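Undergrad: Sequence isn't available, so here's the structure alone:
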Ligand code: NIG
Ligand code: FE
């Protein structure tokens, strides 16, 4: 692989550091005008001005990319998706447009159970193929690291199949995948009314296999009224932590249940959704350094009030943004849509939104030391925009303006 140098960038814009950014720190991007990036063996070797690079390096040794009039950002980190699934649920989308709620549909055995039925019937090869195509689409939007959850099997075989598909995709596709075990995404039909027995089954029969086969780093739960209670969420995540998983929680999405408080108590790596998080819940997140992962496209698709990003950031939280791409509540992986919603409807600044979808997303995946910013020693995961300034990401509303994507030092778009 030839080493790369990128020259003449109108600006490089990046958060700085190896850990999550909290509160007002989220608004600080380092901006280098007429910037250059030197990449060696897939790793960032130098980040400085073009004049400095021309003095220090012999360009003959490099493949040169001219980024004149183009802004360079860190590769995007989408830290919450459910991208491995069988089938689709368009009928539910239109039922919601006609007044049914997400939970109405779920209580009638549609929703997640619907996708569970289709995913159980899908072979490894079928899931691999759709997964591969979805990763290609993410790459076009500049996503270089993505999290993927299981949770459409809710039985041993299918949960493991979903995770094994992600493991193979991680080996064979450019996009890096962080895997999360979400066996507690819902209580499947065959365990109806026996929620605790189902959680015990997950703890005794599924988690140990996931651990032994090293198929996931994180354990997540859909902690929600009529799904998995606070008590059972705590039981599962405590056990998972003992086994060496980091905890994540789908918290306070539909009602204010205390999921954010539980995330703090368990020192989860992230609490996600948080549309209805309480003030003590928000306090618990920042006091315990839990990343608050907000999913504006889900609120948009469900037509619900957005999470209170301003309150969270202004009170000192670390906020990440993610797509929540899934076949039910949010069948879109559109990064431009997510940025537009975050800045127009959640009053985040463009700087905060970029930090949230790069370094803080990386922190929510335990990878802030490796990706999420443009700094010497980090993986050369970069996005080059068609425009000179990072603010175009929001201003050019809903349009994909990603021109070039570099993953581990290789041009992949
Ligand atoms: O994060 N809220 C729970 N889980 C997913 C949706 C899953 C589905 O509807 O298929 C979410 O929005
Ligand atoms: Fe989710």
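TA: In hand now; what should we look at? The structure displayed is predicted, hence computed values, not measured ones. Ligands and ions are numbered 1, 2, ... in the order given.
Undergrad: Up against ligand 1, what does the stretch 251-400 of the chain have?
TA: 253, 298, 324, 326-330 (C-beta under 6 Å from any ligand atom). Quick note: C-beta positions are derived from backbone N, CA and C, even for glycine.
Undergrad: Can you name the element that comes right after the helix or strand encompassing residue 362?
TA: Using DSSP states H and E, residue 362 maps to helix 359-363. Per DSSP H and E, helix 359-363 leads on to strand 382-385 as the next helix or strand towards the C-terminus.
Undergrad: What is that following strand packed up against?
TA: Here strand 382-385 touches strand 4-14, strand 71-74, strand 402-407, going by 3 or more C-beta pairs under 8 Å, 6 or more residues apart in numbering; DSSP states H and E.
Undergrad: give me that answer again for 7 Å
TA: Under the contact criterion of 3 or more C-beta pairs under 7 Å, 6 or more residues apart in numbering; DSSP states H and E, strand 382-385 touches strand 71-74, strand 402-407.
Undergrad: Most tightly packed of the ones you listed?
TA: Per-stretch averages of neighbours, counted by mean count of other C-beta atoms under 10 Å, single out strand 71-74 among those, with a mean of 26.
Undergrad: tell me the SS of the one residue in the chain that gets nearest to ligand 1?
TA: Nearest residue of the chain to ligand 1: residue 328, at 2.4 Å (C-beta to the nearest ligand atom). What DSSP: H, G, I helix; E, B strand; the rest coil gives for residue 328 is coil.
Undergrad: my guess is it meets residue 111, correct?
TA: Yes. Counting by C-beta atoms under 7 Å, residue 328 touches residue 111, with 5.8 Å between them.
Undergrad: re the thing from before, could you give the mean pLDDT of the helix holding residue 362?
TA: The average pLDDT for helix 359-363 rounds to 99.
Undergrad: change the start of the numbering to 50 and stick with it
TA: Got it, first residue is 50 now, which makes that one helix 408-412.
Undergrad: what comes up buried for it?
TA: By neighbour count on 16 or more other C-beta atoms under 10 Å, the buried set for helix 408-412 is 408-412.
Undergrad: try stretch 384-394
TA: 384-392.
Undergrad: hmm, who's touching it?
TA: Residues from elsewhere that reach stretch 384-394, judged by C-beta atoms under 7 Å, 6 or more residues apart in numbering: 125, 190-192, 345-346, 349, 355, 358, 370, 372, 397, 399, 402, 442-443, 446-449.
Undergrad: Quick check, central residue of the chain?
TA: residue 128 (1.6 Å; C-alpha atoms, centre = their mean).
Undergrad: so that one touches residue 196, yeah?
TA: Yes. Applying C-beta under 7 Å, one finds residue 128 in contact with residue 196, separated by 4.9 Å.
Undergrad: overlap in contacts of the two?
TA: What both residue 128 and residue 196 touch, as defined by C-beta under 7 Å, 6+ apart, is the set residue 414.
Undergrad: among the helices and strands of this protein, which has the poorest mean pLDDT?
TA: helix 151-156 (a mean of 95; mean pLDDT, DSSP states H and E).
Undergrad: touching ligand 1 at all, it?
TA: No. Contact of helix 151-156 with ligand 1 (C-beta under 6 Å from any ligand atom) is absent, the minimum separation being 7.1 Å.
Undergrad: quick one on the thing from earlier: can you check which residues contact both of residue 377 and residue 160?
TA: Counting by C-beta under 7 Å, 6+ apart, the residues touching both residue 377 and residue 160 are residue 141.
Undergrad: Those two - which one has more neighbours?
TA: Legend: neighbour count by other C-beta atoms under 10 Å for residue 377 and residue 160, higher for residue 377 (25 against 21).
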